[in-house]
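> structure, please.
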Amino acid sequence: MKLVFENISKSYGKNKALSDFSAQFSEGVYALLGPNGSGKSTLMNILTDNLKADSGSIYFDGENVLKMGARFREKIGFMPQYPGLYGSFTAESFLWYIAALKGINKKTAELQIGEVLTAVELSDVANHRISTFSGGMKQRLALAQAVLGDPSVLILDEPTAGLDPKQRIAIRNYISRISFDKIVIIATHVVPDIEYIAKDVIMLKKGVIVDNAPPAELLQKIDGRVWRIKTKDEYVQDYQNKYKVTNILKDDDGVSVRILSDERPDEAAIPVVPTLDDYYLHVFGE
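Numbers count the residues shown, from 1 in each chain. Alright, predicted model coming up:
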């Protein structure tokens, strides 16, 4: 299975949202990282046919998705960042409604609805109205409807927003597990959620790919450039003025400052293992 983007471009007036975006995807999890306005949502809306590209093409297993039309849309599961959920529906009745829209037969729908409600930890509230749900519960229901129908391509926009740490881990593991036979594209600002499950990370900046590689390769690029230094409260601002600071931790012994720098920022600084958060700041922290 292969999904190919070739030179996708999109502008809103004079604003270039995407510029010659090209990438290839096969089974596994792919992460789109970038600040607001980087083109992530535009790319996902073009892929789901909610938006037309100005130029370029998308191919699924060698066939142009625009020519495939409904045949390609049937292969997609989409979780938008702000999903439209009907408050008067229960979680279960909402998924039955989505199953009907997707043309899933009753027997298959009954089996899948139970499975996805369990996977997103909503089986105990399956008959509760959505209007009574918290933000995190609605987020998990939005993921459930995207997965319904066993799509080949799963597009998730901020799938773990609003979830507590336990739920985030559960959802992250679920996404990783189902990606064995799916192409899963995740746009997120929660960098740690994709650091250990993403096959590749695509860094987008103002509609342009600035990096595209597995997480381990990205981290190698800043190996030896991440430092920790113990300092006093009054010197913290000086470090922030001079360097990219990724973390500040106050304890009984003073303040521990995590710094991005090509050179050792101080004789007392010690090198530490980089994280994807560090690399994100390295690329987008200006």
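> how far off centre is stretch 276-286?
Here the centre of mass of C-alpha atoms in stretch 276-286, compared against the chain's by C-alpha atoms, centre = their mean, to the nearest Å, lies 16 Å away.
> please list all residues in contact with residue 116.
With contact taken as C-beta atoms under 8 Å, 6 or more residues apart in numbering, residue 116 is in contact with 95, 144, 147, 148. (C-beta placed from N, C-alpha, C; glycine too.)
> isn't the second one up against residue 117?
Yes: using C-beta atoms under 8 Å, residue 144 is in contact with residue 117, at 6.3 Å.
> returning to that earlier point: quick check, nearest of the contacts of residue 116 to residue 175?
Nearest to residue 175 among the contacts of residue 116: residue 147, at 9.1 Å, using C-beta to C-beta.
> about what we covered before: what is in contact with residue 144 and residue 117 at once?
When contacts are counted by C-beta under 8 Å, 6+ apart, residue 144 and residue 117 have 91, 95 as shared neighbours.
> neighbour count winner among these two?
In this view residue 144 and residue 117 are compared by other C-beta atoms under 10 Å, and residue 144 has more residues nearby, 24 against 20.
> surely the more buried one is in a helix?
Yes: residue assignment for residue 144, taken from DSSP: H, G, I helix; E, B strand; the rest coil, places it within a helix.
> does the closest residue in space to it that isn't next to it in sequence lie in a helix or a strand, and which?
Using C-beta to C-beta, 6 or more residues apart in numbering and skipping residues adjacent in sequence, the residue nearest residue 144 is residue 116, 4.3 Å away. Here residue 116, judged by DSSP states H and E, is contained in helix 106-119.
> next, the buried residues of that helix.
By 16 or more other C-beta atoms under 10 Å, the buried positions in helix 106-119 come out as 109, 112, 113, 116, 117, 119.
> may I see those residues organised as JSON lines, with pLDDT and distance to residue 170 added?
Output for these, formatted as JSON lines (pLDDT from 0 to 100; distance: C-beta to C-beta, whole Å):
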{"residue": "109", "pLDDT": "95", "distance to residue 170": "23"}
{"residue": "112", "pLDDT": "95", "distance to residue 170": "18"}
{"residue": "113", "pLDDT": "96", "distance to residue 170": "18"}
{"residue": "116", "pLDDT": "94", "distance to residue 170": "13"}
{"residue": "117", "pLDDT": "95", "distance to residue 170": "13"}
{"residue": "119", "pLDDT": "89", "distance to residue 170": "8"}
